[in-house]
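S.K.: quick one, fold the following:
(3 chains, ligands or ions: 2)
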Amino acid sequence: MALTITCPICGKRNGYEFRFGGEEKGPRPEENGLTPEAWCDYVHLNKCVAGVQEEWWFHKDGCGLWFTIQRDTTTNLEAETVSMSKLATENEEAEK
Amino acid sequence: MMNRLNHLPTLKIDTAQKISYTYKGKSYYGVKGDTIASAMFANGVRIFGRSLKYHRPRGLYSLDGECSNTCMQVDGIPNVRCENTLLESGMVIEEQNVKGSAENDMMSFMDKLDWMMPAGFYYDVMHKPAKLWPVAMKQIRKAAGLGKISPDFKMPGKYDEVFLNTDVCIIGGGPAGMMAALSSAEKGLRVILMESRPWLGGFFEYRSAEYKDGQSLHDRATELAALVRAQENIRLFTHTACVGTYNNNLVTGFQIGKKSDVFDQRYVEIRAKSVVAAAGCIERPLLFDNNERPGVMQIACALRMAKTYGQLPGNKAVFSIGHDLGLEAAIELHDLGLTIECVADIREDGQDAVLLKQIAQRKIPLLKGWVAAKAFGRKKVKKVRLSSIDKMMRKTLECDLVVASAGVTPVTGHITVALGTLKYDNHTGCFLPDQMPENMFAAGRVLGLNDAMSIEASGTLAGLKASAACGLGSLEEIEKAAKIVEMLPGPVRGTKLVTAPVKGRKSFICFDEDATIKNIKQALAKGFDVPELIKRFTATGLGPGQGGIPGHNLPLYVAKCQTLPDVSIRPTNVRPPLVPTLISTYAGTNHTMFKTTAMDEMQRKDGGIFRNIGVWQRARYFSEDYACKKEIENVRNNVGMLDGSTLGKFRLHGPDALKALQRVYVSDMSKVKEGRIKYSAMCNDDGCVIDDGVVVKLGENDYYFTTSTGRAGQTIEWIRYHTRYDRWDFSLVNLTDSMGVINLSGPNARKVLEKIVDIDISNEAFGFSDYREFKIADTIPVRAMRLGFVGELSYELHVPASYMQSVWLMLKEAGKPFNIQNFGVEAQNVLRMEKCHIILGQESEQRTNLLDVGLGFLWNRSKSEAKTVGAVALAQAEHDQTRLKLVGFKTENNSRAPRDGALIVDQKVRGYVCTARDSFALNEAVGMALVDADLSKIGTRLEIYEDECGDDRIYGTVVKMPFYDPEGKRMKM
Amino acid sequence: MFSKKKPMWGKKTPLKSSYDVVLIGGGLHSLATAYYLAKEHGITDIAIIEKNYIGFGGAGRNTAIVRANQRTQYNVPLYKEALDLWPVLTKDLDYNLMFNNCGNLNLMHSEAAMKAARMTIATAQFHGVESHLIDAKEAKELVPALNISDDITFPIHGAMFHPPGGVVRHDAVVWGLARAAAEMGVQIHQQTEALDIGTRNGKVTSVTTSRGTINTKQVLISAGGYSAALIYDMLGIKLPISVLTIQAMVTQPLKPVLDHVVSSGAYHCYANQTLKGEIATGAHMDPWPNYTTLNTAHYIKHQAEALSEFLPCLRGVRFMRIWGGLADMTPDMAPIMDGDEQVEGFYMDCGWGYFGFKSCSAVGKYMAEFMATKKCPDILKPFALKRYEEHKLMGETAALVNYSPDN
Ligand SMILES: Cc1cc2nc3c(=O)[nH]c(=O)nc-3n(C[C@H](O)[C@H](O)[C@H](O)COP(=O)(O)OP(=O)(O)OC[C@H]3O[C@@H](n4cnc5c(N)ncnc54)[C@H](O)[C@@H]3O)c2cc1C
Ligand SMILES: [Zn+2]
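M.R.: Ligands and ions are numbered 1, 2, ... in the order given. Below you'll find the predicted structure:
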């Protein structure tokens, strides 16, 4: 198995340049009134999808970007390379 | 020494150049181009090894190292595959795992005891009575294992590694691989061609049969090889075995160096855009009784011994084959002088007409529908019994060579380990590629092809497909090439015969593990019904040759026993490395990777004793006194200097810089004032402390901060991670390597520093917790902080790394009158411990939160809009009284300090000692410990349990922290 | 002398429409639980549901290292009991589990590591588990192949020596437990996939399999690395688990050269010699979740580099076979054993990472007690899922946690 990951800035690269950063769970929840269950769910709990999941990666030996990809956990192949951050930059450009 | 057949165009040896070697203590000669095995064979060696369980003699079989038959100890290296290893001058060769010799193994009586050793027998015996097992285990260990390695063995040779990118990577330098390489290369693509033999040519190379228009296959191979060599954009790796393929088209191999290379072996890792798998075929072993006696060998083994190494493999031969290659080999070997008593062909019909005619012309007896049933002769083959497939007829012939082969089996490991799939093909009786991995294409005999033209055409086609995967070429071209393949002869029918009509008590399906077909039946009877499980239970295919011998036969045989339909026949798993590979080769050029600070050399000169700490090398001690008495006392009473360059150092600036700080630091960072230092901590989402350090404000939304040495590598990642949804605008710069840090500490620190700076550094002008920027000698910019980690007057000077040595020397010079000294990391550790300043990881563990270590005062809870990392967990755990808390303690009755890591106990474990030392400054033993909250009250007695303490205990009492200078006067002085 | 030629775990039987207990997964933990349910609690109306064949998962892929020198007081007694059970099981199952109590040597490469080891050793000794801190020279005496010179990346300062640990034959455990369980009436259904768990009013009612639905009131999921995904799919319960591929490999067989299990945290590498003479080695994991069980080029090279340094004679030895399996990792390196809590009648036993072999004997015993009595035995209580909500990670790993699974 040879993981490759497509960084929105640097393109398709050797997977060992990156660090995995967890399943995509959305932005940090509001703090006020956050129950221990909800907190735990956000911080610790995973779906452990056997299939395609959206997840975070950091280009540590590269540009230093955090971004998400869709990856099939049963094959280690990227499913789709449109990432959140890429969309974000695209949106930004559109706004300009 | 045997005379070699000298004039064959296919020879790879040069008989004029003799090479000497030693075998079992005696000197022999081989010739240039010999493998170890061919050289030994030329010297009359027929028995190369003995088998694992039954101590049966073993000899040449595949000539490709597919089993351990010819594994030898060479120059102290065990399990060398002699059939694949070129002979080198001066080699010292020994037999492995023999009692006496392989020829006369003293344990050969084991061969008669097979009834005692049914499949998996070791699970059923030797554990009763329980006392027997340890004794038996020793014997098993002694008996098992092949070669020896001495514990102080030093592997000679040079090892290298190379990481390449290419367009097309081709595995296999036979006709298919070469054609593929040529067709890709013609497109202008960069091509890498890997071939495990030292030369190109593969299946054509050693054969004299006609290719076309009177040209021999050998000549055709030579012609293609020349074309390949002439292509500038083909990079050739011969003598490079492919050992692994991975999805995304990563290919690894190892290359054997030539004399002119700078390495003996080299690890090769290639990232390709597309891959062609064209590694050809090996032979499927024929199963009959004593099918592995020395003198029984496969077709290509017999033929290549003659054609490549110039040696007839025997005098009088009987062939038992199931493929035209066997007929062809019989004809060639006959013409080279081998007497052929008979050719038994499993097939009733379907033989190539031309070959049949040639066999007849030579008056070689041919028995169709016959097969070898049993070989006779204890050490070497003396006779063979042939049987008609229907068992009706038998005959026994004398001979010293049995050429036996059930057919061919494609080498598909390169496809399956990259997750391609295979399918059982009824026509060929082989497992052929079904679904190929993305951008991998199969060519040649891997597809079951046998016809020379078809093999080449399939190579061209695969090369075109591989090019298309790189974005070059047209669909029409591919379609055209595919048509050509279609019009040429397809795969030939293969025999399905798995075993000769025998019971199979000594029909070996796996040579390495001495597994017979009888063992397979035993496993089936026990309920092991899947080949993978049978493999495990009988160890079939788990030896040095892995699936090379049993890989194809095992699933066929199991299917036969279970009368399974064809569709459900599944191949057994092939696992990398596809060729056994030396650890030294995989390791390549091993090198240590540690960072050194600018002060490295100077501190070593000063007697620094260095340790690896995280990614750095740091001076831990400056004398052999690991208690560091002098270093410590010099800081307490005078002045010392420590290289703190490994501290993480960062600049964070931009419009949203403060927001980012608020997110990751527990304190209210809006309160950081220019010219002042703020100490704070970062927590993870569990509220556990992960880092502490200081922050200074350089300007509006412009900060400089430090992290602990260990966290520096992850800090940017951490801050960016926790702000990843926010789209805040800030920049983070890691200055860790570009800035050095000198920690100048001790009551005389000011007096030393004064001498080299121009500004007023009096306590009034530059007080405790202040931050100043200034220049030394109008040139060297310094960021100075008044901190007190070690509890004395100290200055932390942050200096560009390039100026570090200068500043260090200036301070040393200025400090001479005070006898300034270095101090190392351990002295600092004790100094700060006396002051109860914590080091994360030392006074904390994974589950320790900010409150547990008494840093709760740093936490500002009125900034929930900042969503500070860890704040929620801290709030939720705040009143939990069952957590471990950090306390300070002194030992009772002046007893020595417990060792770090000692436990605090009563009936249960109640905590542990983080750091404790006999303090020189305090004249008593003090330390910090993490203990259950109910033990954390001042005055509580602690029972300390050290490793190896038996019934002895050390007692301590919880006391107030810090121990040294509780008012903090000294650091504020 | 030899057991009779009948299928070791009974003839293939049809799936019944109901069982007292259904165990999902035919791995070590299910088989051990079934064995003890039948043996100690007389519950034999049990179906083990296995998707492939027994031992397909971690049970057949692990490197079978056993030891009891864990870090915390919650773990040590459990692993101690598990370790003590190997000889007992060998006898009770009448199957040679080939326990080789050769001892484990855990190398330490810094003063800080020595301190950490001392704490672990003190904890072991306090609980009656033999374990000692030894210096580099003593380590070399035990393992002459060790390189204790200073010129390697992580020079060896000393080691934690744990004599009662060692290696057990993993396949034998699977087959021995299966045979014994089957003899007591447990039904092992191979090639049968569990697809869903039916519940009504917060209670387990059934298990749907690829061969039909089973009515039952009690179900255990102990499907190794597959557990977390199954539990989420079937019951919507999320777990603090990340599933990684863990690899292991063996060299070609050698005459005895390594008499102990040697491991090194700094090098991410352990090695021991099997009874067949192969050097079995592993440890490093690619740090991202996946279910591939595929090996990687990076890993083999890493392993070779590590061994080259601390066991340099192995440079002359060849790697022969590499394979992979799943490791379901939790942030605190301790498993999750829980039951009758989220859903009545539902039990789970997962998150074992690479510790699920050494623990399986004792865990089977206590999970059986848990399911039979419906009361959680004290020894299992600290392993409940709730600890994550309560900010009470177990402390099995000393390292600082991070957001990513392995850190
Ligand atoms: C390479 C490697 C090395 C290891 N080394 C060690 C070691 O040295 N020491 C140690 O203690 N541990 C080690 N381990 C860990 C150990 O193997 C596992 O923790 C252990 O096997 C877990 O046991 P289990 O019974 O929970 O699951 P497993 O043994 O994994 O069994 C789970 C079973 O569930 C089945 N299954 C999955 N889904 C379904 C479904 N839907 N329906 C039915 N059945 C299903 C699978 O087919 C599988 O057979 C290692 C693991 C690996 C992979
Ligand atoms: Zn990038």
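S.K.: all helices for the stretch 51-200 of chain C, in order.
M.R.: In the stretch 51-200 of chain C, the helices defined using DSSP state H, counting those that start in this stretch lie at C:75-93, C:111-126, C:136-142, C:170-183.
S.K.: in the stretch 301-407 of chain C, what residue lies closest to chain A?
M.R.: Nearest residue of the stretch 301-407 of chain C to chain A (Cβ to the nearest Cβ) works out as C:Glu389 at 4.3 Å. All C-beta atoms are positioned from the backbone trio N, CA, C, and that covers glycine.
S.K.: what pLDDT, on average, does the strand or helix carrying B:Ser467 get?
M.R.: Using DSSP states H and E, B:Ser467 maps to helix B:452-469. In this model, helix B:452-469 has a mean pLDDT of 98.
S.K.: before we move on, what about stretch B:727-744?
M.R.: For stretch B:727-744, mean pLDDT is 97.
S.K.: indicate which one of the helices of the stretch 51-200 of chain C is closest to B:Cys399.
M.R.: B:Cys399 lies closest, by Cβ to Cβ, to one member of the helices of the stretch 51-200 of chain C: helix C:170-183, at 41.7 Å.
S.K.: tell me if the closest one is near ligand 1.
M.R.: No. Shown here: helix C:170-183 not in contact with ligand 1 (Cβ under 6 Å from any ligand atom), separated by at least 7.4 Å.
S.K.: need the contact partners of that helix.
M.R.: Here helix C:170-183 makes contact (Cβ atoms under 8 Å, 6 or more residues apart in numbering or on different chains) with B:123, B:536-537, C:8-10, C:26-28, C:31-32, C:34-35, C:38-39, C:46, C:48, C:54-55, C:59-60, C:62, C:64, C:89-90, C:92-93, C:95-98, C:188, C:357, C:360-361, C:364.
S.K.: using CSV, write out the CA atom coordinates for that helix.
M.R.: As requested, the backbone C-alpha atoms of helix C:170-183 are provided in CSV (Å, rounded to 0.1, in the frame of the first residue of the first chain):
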residue,chain,number,x,y,z
HIS,C,170,-1.5,-18.0,18.6
ASP,C,171,-3.1,-20.5,16.3
ALA,C,172,-3.1,-23.2,19.0
VAL,C,173,-5.1,-20.8,21.3
VAL,C,174,-7.7,-20.3,18.6
TRP,C,175,-8.0,-24.0,17.7
GLY,C,176,-7.7,-25.3,21.3
LEU,C,177,-10.4,-22.9,22.6
ALA,C,178,-12.7,-23.7,19.6
ARG,C,179,-12.3,-27.4,20.1
ALA,C,180,-13.1,-27.2,23.8
ALA,C,181,-16.0,-24.9,23.4
ALA,C,182,-17.5,-27.0,20.6
GLU,C,183,-17.1,-30.1,22.8
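S.K.: okay, the helices of the stretch 51-200 of chain C, which one's buried deepest?
M.R.: Ranked by mean neighbour count, the helices of the stretch 51-200 of chain C are led by helix C:170-183 with a mean of 24 (mean count of other Cβ atoms under 10 Å in any protein chain shown).
S.K.: need the pLDDT of B:Met110.
M.R.: What the model reports for B:Met110 is a pLDDT of 83.
S.K.: same check on B:Met2?
M.R.: We have a pLDDT of 63 for B:Met2.
S.K.: quick check: which ranges of the stretch 201-350 of chain C have low pLDDT?
M.R.: Within the stretch 201-350 of chain C, not a single segment meets pLDDT under 70.
S.K.: if we can go back for a sec, same for the helix holding B:Ser467, what does it pack against?
M.R.: For helix B:452-469, the packing partners by 3 or more Cβ pairs under 8 Å, 6 or more residues apart in numbering or on different chains; DSSP states H and E come out as strand B:159-171, helix B:175-186, strand B:210-212, strand B:265-277, strand B:440-442, helix B:475-487.
S.K.: how far off centre is the second one?
M.R.: Right, helix B:175-186. From the chain centre to the centre of helix B:175-186 is a distance of 31 Å (Cα atoms, centre = their mean, to the nearest Å).
S.K.: can you tell me how far A:Trp56 is from chain C?
M.R.: Going from A:Trp56 to chain C by Cβ to the nearest Cβ, to the nearest Å gives 9 Å.
S.K.: nearest spatial neighbour of that residue, skipping sequence neighbours?
M.R.: Leaving aside its chain neighbours, A:Trp56 sits nearest to A:Gly21 (3.5 Å; criterion: Cβ to Cβ, 6 or more residues apart in numbering or on different chains).
S.K.: please state the offset of the helix or strand harbouring the one you found from the chain centre?
M.R.: Under the criterion of DSSP H and E, A:Gly21 resides in strand A:18-23. Centroid displacement of strand A:18-23 relative to its chain, using Cα atoms, centre = their mean, is 6 Å.
S.K.: tell me which other helices or strands whichever helix or strand comes after that strand touches.
M.R.: Of the helices and strands lying after strand A:18-23 in sequence (DSSP H and E), the nearest is helix A:36-43. Applying 3+ Cβ pairs under 8 Å, 6+ apart, one finds that helix A:36-43 contacts helix B:871-877.
S.K.: could you redo the last one with a cut-off of 6 Å?
M.R.: Packed against helix A:36-43, as judged by 3 or more Cβ pairs under 6 Å, 6 or more residues apart in numbering or on different chains; DSSP states H and E, are no other helices or strands.
S.K.: what comes up buried for that helix?
M.R.: Buried residues in helix A:36-43, counted by 16 or more other Cβ atoms under 10 Å in any protein chain shown: A:Pro36, A:Trp39, A:Cys40, A:Asp41, A:Tyr42, A:Val43.
S.K.: can you add distance to B:Pro9 and pLDDT and give the residues you listed back as TSV?
M.R.: Listed next are those as TSV, based on distance: Cβ to Cβ, whole Å; pLDDT from 0 to 100:
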residue	distance to B:Pro9	pLDDT
A:Pro36	82	96
A:Trp39	79	96
A:Cys40	76	96
A:Asp41	75	96
A:Tyr42	74	96
A:Val43	73	95
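S.K.: follow-up on the earlier one: go ahead and confirm the residue nearest to A:Trp56 touches A:Glu54.
M.R.: No. Counting by Cβ atoms under 6 Å, A:Gly21 stays clear of A:Glu54, with 11.5 Å between them.
S.K.: neighbour count for these two, which is higher?
M.R.: A:Gly21 (22 against 16; other Cβ atoms under 10 Å in any protein chain shown).
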